[in-house]
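A.B. asks: the following comprises the amino acid sequence and a computationally predicted model.
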Amino acid sequence: MQPFSEDFLDRWEHIINEVNKTDVPIECIKKIVIKLESKKQKTINMNTLKKQGLDWDEIEVVVNRTLASFGDDVYSVDFIVDAGAVAELIQPETDKLLKSL
């Protein structure tokens, strides 16, 4: 698939920011930021893990192990959504729906 233009991705970022994100597929996450009670934070970069050759199931294991290793010290977890990945998944379906109108 061709890379999306900045304007296109900006529109998807706007849409994504308006949605309450309670259940995000791991394939649509760019980074996970784990904030700790100790005021430190740990960032898990999904692209880095993919470049290291891990598949999505292995990445999910890494994320779960990392979260478990911090235990009760975890204050919050922020998911940074990958607008390009979301657009790549949703845009074809949107195009199909709009084509029939």
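C.D. replies: Looks like it came in fine. Numbers count the residues shown, from 1 in each chain.
A.B. asks: please make it C-alpha for all contacts and neighbour counts, starting now.
C.D. replies: Noted.
A.B. asks: residue contacts, the residue nearest the centre of the chain?
C.D. replies: Geometric centre of the chain, nearest residue: residue 29, 1.0 Å, by CA atoms, centre = their mean. Counting by CA atoms under 8 Å, 6 or more residues apart in numbering, residue 29 makes contact with 46, 79, 80, 81, 82.
A.B. asks: not counting sequence-adjacent ones, nearest residue to the last one?
C.D. replies: Right, residue 82. Leaving aside its chain neighbours, residue 82 sits nearest to residue 30 (4.7 Å; criterion: CA to CA, 6 or more residues apart in numbering).
A.B. asks: and for residue 34, the neighbour number?
C.D. replies: 20 (other CA atoms under 10 Å).
A.B. asks: what do you get for residue 76?
C.D. replies: 11.
A.B. asks: sheet partners, orientation included, of the helix or strand hosting it?
C.D. replies: Residue 76 belongs to strand 74-81 when elements are defined using DSSP states H and E. Looking at strand 74-81 with DSSP bridges, its partner strands are strand 29-36 (antiparallel).
A.B. asks: so what secondary structure elements neighbour the helix or strand that the partner strand is followed by?
C.D. replies: Downstream of strand 29-36, the next assigned helix or strand under DSSP H and E is strand 41-45. Taking 3 or more CA pairs under 8 Å, 6 or more residues apart in numbering; DSSP states H and E as contact, the helices and strands that strand 41-45 lies on are strand 29-36.
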